[in-house]
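# I would like the atomic coordinates for the input below:
(chains A, B and C)
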Amino acid sequence: MAKGSSRRIWGNVVHVLALGTFTILLAFPFYWMLITSFKQNLDLYTMENNPFLFNARPTLEHLNFLFTETRFVRWLGNTAFVGVIVVAITLLLAVPAAYSLARLSGRWGERLGIGIFLTYLVPPTLLFIPLSRVVAYLGLQDSLWALILVYPTFTVPFSIWLLMGFFKSIPKELEDAAMVDGLTRFGAFVKLVIPISVSGILTVVIFTFTLVTQEFVYALTFISSESNQMIGTGIPIFLVRGDVYYWGALMAACLIASLPIAFMYNLFLDRFIAGFTVGAVK
Amino acid sequence: MAVARSKIKSIGAAQSPLLGAAMFSPAVLYILLLVGGPFFLAIFYAFSDARIGNTEMHFVGLENFRSILQSPSFRVAIRNSFIFTICSQIVVIVGANILAISLEKAFCGRGIIRFLILLPWVAPISLGAIGWKWILDSIYSVITWVLVAIHIYKPFSAPMWLGEPHLAIASVLLVHSWRLMPFSTVILLAGRTAIPKDIPEAAAVDGAGFWRTQLQIVIPMMRPIISVAVLFGLIFTFTDMTVVYILTAGGPFDSTQTLPSLAFAMGIQGSDLAAGAAISLFLVPLLVILAYFMLRVAHRAEVN
Amino acid sequence: MAVVETRDLTKVFKEGQLGAVNNVNLETREGEFLVFLGPSGSGKTTLLRMIAGLETPTSGEILIGGQVVNDLSPRERRIAMVFQSYALYPHLSVYKNIAFPLKAQNVKKELHKAKVEWAASLLGIGALLDRKPRELSGGERQRVALARAIVREPAVFLLDEPLSNLDAKLRASAREELERFHRRVGTTTIYVTHDQVEAMAMGDRVMVLNKGVVRQLGTPTDVYDNPADTFVATFLGSPPMNLAEIGDVIVGFRPEHFRPAFTMTGDAAPFRLKVENIEYLGSEWIVSGTLAGGKLDGKKVFSRLSSAQNLQLAGMYDFAVPQRELKFFDRSTEKRVEPRAVSWQ
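Okay, here's the model as predicted:
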């Protein structure tokens, strides 16, 4: 009697310990952001104070500062603007491409699909230098349109790959039946396949949007003025004035920018994984 | 009869590759122009003396490569790129496996835990990094405070986590591992759930205890998934410049520079486009190798 | 001493609902092939898994070799199990699959080869030792699963519907192989299936379960010729036993005992049958129709005949059942009762 249950209890203790340790290590910085956002400056910057406690009353002064005396709201707007347009471009390019590669192109279509996926592996840290010249040449420096032009380079390949897997899982018989009923192939695509694929398309939308918000290199390279920043670059760079880090406002901004993305990501997690695992998980 | 024949004809026509080509050409064209084009442009710049602001540009052969290879900060950058990438990957693979095992069985609150665990990955890299910068601040670091409170250090004598070269390297490693862990965990978890339930049961009946089952049966069966997680992890870390840029800006004294961050520092901040391009080209060989392995994994998955 | 014994074994998955397994008592006999037979949801697999140690009972005891094993893990119970999917380790060769239990139980490495080869030769798979499971056919995989099970020389084999993943043609030969295997090794075996043909063909004894309760435990003859209740009566036999309610009893007779009256001699209960469907199956005929006249008018019944000569659709014929083949069940409890005099005219 004792042997079985003691083994189980011990197993549970280890399980809780491991899980707890990892969770704390991974989530701690965000907890820290939360606390810092509401601490008064004299509490934050007094070394003797226990940083885990509120030694002075919590304050909204950092939030106030963030929203009224910085361009934070503007950066949020910039990011949303770029996000929406890039999502639209991505869908326009990726959805037809994924469908044709999944259905219409046979063997070499397969190869082309892999080729497209491989372009996802060409990193921004390689392309940013030539692209900075391209952007300058087009007169788009310091413009959000530079980002809108360039961001699909990493959202489109992955979206194509994700959608290819999705389209392949739709039984071919559905489209064959529609075509016997009189639709053309393209008609079947628009009237049948796209409506069925709403959840896959939604996945691409969310994923593209999160990629846009997380991007750093291009935003840093192409955009210089404060009012045109994205949140990923504006916060770490422009909430620092000279040498002074406005940590309270900084941490508040980080949290506000991160949490909505986290919520969206969580909802669609399983589909993202399907995209990454390239069918290695059957 | 005639109706059926015409219907079959129209289906046949719709199968034509022309429609297919029309549907994927925009995407392919876009990628060729904005990925392929710049890629070759980068190669071109690496052999030139391009600078920001100059309209002129000349071919200089291997001059850029020669001077880079002689520069000590470049050698540090290559070394760091490999250290950060490989070390963080090792930490992550071990940690992610343990986490995936812990998260496999449903339990009360698993959804919340999953949300919390995912935060390092879903938050924009720069924001997570700046969060760590505050935690590792040279004066107000909470880590310092805790270590002083338990008397490991005397007040004011704690090390500067981002200010001393070895500690700075460790800090960058920490942040890279921290960021990558959720991604690998979630992929490994998906791999684990794909394993049929009766395999670990068969192992239990055969006499295997928990660890033997994990190490000799479950994890070997996950090899394709682990490969995917590792390959992506290597790519993400190797090509990242954000963590270094935010945490240390490459310092102290260029000791934490990596290939991408050095490329940025020289190419954009230093206006030397040619040098920046040349440095970033050194990313290519490893990426090619990783791409090859990625293809192999995908191919094997198709075959099975 | 029974190899496997359960006492009042119960498993409840959801509070307040009927258990998946309810108060099952069983005792195996040494070396027997015992079949757990029942429809899906009858609890037969849950029962097997509790014996294996893969599910914990809610109450009751499990004994293996006379020892209470409720708190022992599967590895400590000296059992071997063959899963429906065979659960072969896909990344290991056949040799390593078979050797794995030895490795897990820390058997000395020098002894592995001899034991694996012994198990492999017992099942005729010596030539396959270097292959991987994905290179094997369904029948070969079954043999590897059995070899892996036998290599530890367990006290009892547990088999969970191992034939259901095979296609129909393969099933018959795989079944025969299993029977031969059992005769050779003689280990007590518990076999779970929903297929009553398998149960009848293979079992020394059959335990019929429904909704987690044992309906009957007996030899194939017992459960077929002397069903304990209407569930057992209709679960075994295809087409199932004809049942008709008269007064407070249910009368039952099997299709093969329901034949044209003129073919019978001796005491026979008479019926009038209106033929509605005739199926020719090659080796026999299945005739179905409705009874006419009396209390059973309109009741649908089946008949199995070796010849349907002269029977016409919509024709009315005199059929009969030998008196001794009539079974009687209490209408409210559905349990078997002594023959009574009933009339349905």
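# and B:Ser255, that's in a strand?
No: applying DSSP: H, G, I helix; E, B strand; the rest coil, one finds B:Ser255 to be coil, outside a strand.
# what sits against the nearest residue to it once chain neighbours are set aside?
Leaving aside its sequence neighbours, B:Ser255 sits nearest to B:Pro165 (Cβ to Cβ, 6 or more residues apart in numbering or on different chains; 3.8 Å). From N, CA and C alone the C-beta is placed, and that goes for glycine too. Counting by Cβ atoms under 8 Å, 6 or more residues apart in numbering or on different chains, B:Pro165 makes contact with B:Pro252, B:Phe253, B:Ser255, B:Thr256.
# mind listing what the first one touches?
Same thing as B:Pro252. B:Leu162, B:Gly163, B:Glu164, B:Pro165, B:Ala168.
# got the contact list for stretch C:70-78?
Contacts to stretch C:70-78, defined as Cβ under 8 Å, 6+ apart, come from residues A:1, A:3-5, B:201, B:204-209, C:52-54, C:56-57, C:61-62, C:64-65, C:69, C:81, C:104-105, C:152, C:154-156.
# how close does the residue in the stretch 151-282 of chain A that chain B sits nearest to sit to chain C?
At 3.2 Å from chain B, A:Arg185 is the closest residue in the stretch 151-282 of chain A, using Cβ to the nearest Cβ. Distance, A:Arg185 to chain C, by Cβ to the nearest Cβ, to the nearest Å: 36 Å.
# touching, that residue and A:Lys172? I think so.
No: look at A:Arg185 against A:Lys172 with Cβ atoms under 8 Å: they stay out of range, at 11.7 Å.
# any idea which helix or strand carries C:Val301?
strand C:300-305 (DSSP states H and E).
# just checking, what packs against that strand?
In terms of contacts (3 or more Cβ pairs under 8 Å, 6 or more residues apart in numbering or on different chains; DSSP states H and E), strand C:300-305 is packed against strand C:242-246, strand C:259-260, strand C:268-280, strand C:285-291.
# for those strands, which one sits closest to A:Leu126?
strand C:268-280 (73.0 Å; Cβ to Cβ).
# got the phi and psi for C:Ala155?
phi -80, psi -30 (degrees, to the nearest 10).
# tally of neighbours for it?
15 (other Cβ atoms under 10 Å in any protein chain shown).
# so which bits of chain C are right by chain A?
C:Asn70, C:Asp71, C:Leu72, C:Ser73 (Cβ under 8 Å from any Cβ of the partner chain).
# which residues touch the residue nearest the centre of chain A?
By Cα atoms, centre = their mean, the mean C-alpha position of chain A lies nearest to A:Thr210, the distance being 2.1 Å. Neighbouring residues of A:Thr210 by Cβ under 8 Å, 6+ apart: A:Ile261, A:Met264, A:Tyr265, B:Val122.
# picking up where we left off before, neighbour count for A:Arg185 and A:Lys172, which is higher?
Of the pair A:Arg185 and A:Lys172, A:Arg185 is the one with more neighbours under other Cβ under 10 Å, namely 22 against 9.
# ok, the closest residue to A:Ala18 other than its chain neighbours to B:Gly37 distance?
Excluding the flanking residues, the one nearest A:Ala18 by Cβ to Cβ, 6+ apart is B:Ser102, at 5.2 Å. To B:Gly37, B:Ser102 is 46 Å away according to Cβ to Cβ, to the nearest Å.
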